[in-house]
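S.K.: one predicted model, sequence on top.
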Amino acid sequence: MAEIDRLVRLDEVKAVVIAQQWVNLRSLLTDPNAAASFERFLKTIPAGKQKFIVLSIPTGEGFGPRDLLTGSRLGDLRYSPAEYRDGRKARDGLVELNRLIRRIAARQGAIVIDPFETLCSGISCRVADADGNPAYLDESHLNASFVRRYATYIDQTITGPAGE
């Protein structure tokens, strides 16, 4: 943590981006000390530096490349790409956690980025590109080539928020 604190204070660092699968930090919801610790960390980021918090990407059953296979490995296994999957279960599992993160971010002047707004349209979330290439390496991690083309939500951490 000391190294992160040192890096955050460098003059050439203009923005701090905090991104992860927040579902792995459900303790923020159940442990007031965890939430307070996260908020204290945000508070230590020097004034004048933009703070971004990237919420979780859509993940879970149906999002991995295995989910694009049909049939049996014993002879009739086929790749059946579906460009989109229903993202309601993935989104619903994050509602309370996202609400808490947004409240903390608002108090600390952080900009919240929600990947669902870019990777999903309504209830449909992209799991493959238009050519059928899987978007995910597994159920939780996006492919680098997919990120370069479709994860435009991260662009504002470099260019600044829309409208600036």
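M.R.: Perfect, thanks for sending it. Numbering: from 1, shown residues only.
S.K.: give the contact list for the residue lying farthest from the centre of the chain.
M.R.: The C-alpha centroid of the chain is most remote from residue 75, which lies 36.6 Å away (Cα atoms, centre = their mean). Under the criterion of Cβ atoms under 8 Å, 6 or more residues apart in numbering, residue 75 has no contact partners. (Each C-beta comes from the backbone N, C-alpha and C, glycine too.)
S.K.: would you map the helices across this structure?
M.R.: When secondary structure is read from DSSP state H, the chain shows helices at 2-8, 27-30, 32-44, 88-92, 95-107, 116-119, 144-150, 156-159.
S.K.: could you export those as CSV, including mean neighbour count and distance to residue 68?
M.R.: What follows is the helices of the chain, written out as CSV (neighbours: other Cβ atoms under 10 Å; distance: least, Cβ to Cβ, whole Å):
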stretch, mean neighbour count, distance to residue 68
helix 2-8, 10, 37
helix 27-30, 14, 32
helix 32-44, 14, 35
helix 88-92, 15, 16
helix 95-107, 15, 27
helix 116-119, 16, 16
helix 144-150, 14, 13
helix 156-159, 13, 30
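S.K.: kindly reformat those helices as a markdown table and extend each row with mean pLDDT.
M.R.: Shown next, in a markdown table, are these (pLDDT from 0 to 100):
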| stretch | mean pLDDT |
| --- | --- |
| helix 2-8 | 77 |
| helix 27-30 | 86 |
| helix 32-44 | 91 |
| helix 88-92 | 89 |
| helix 95-107 | 95 |
| helix 116-119 | 92 |
| helix 144-150 | 92 |
| helix 156-159 | 86 |
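S.K.: is it possible to get CSV of those helices that adds distance to residue 58?
M.R.: CSV is the format used below for the helices of the chain (distance: least, Cβ to Cβ, whole Å):
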stretch, distance to residue 58
helix 2-8, 27
helix 27-30, 19
helix 32-44, 22
helix 88-92, 4
helix 95-107, 12
helix 116-119, 6
helix 144-150, 12
helix 156-159, 19
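S.K.: what about the ones you listed, which gets the closest to residue 53?
M.R.: Distances from residue 53 to each of the helices of the chain were compared by Cβ to Cβ, and the smallest falls on helix 95-107, at 5.1 Å.
S.K.: residue 93: how many residues sit nearby?
M.R.: Residues lying near residue 93 (other Cβ atoms under 10 Å) number 15.
S.K.: my read: it touches residue 22, true?
M.R.: No. Between residue 93 and residue 22 no contact is recorded; they are 10.5 Å apart, counting by Cβ atoms under 8 Å.
S.K.: cool, thanks, signing off.
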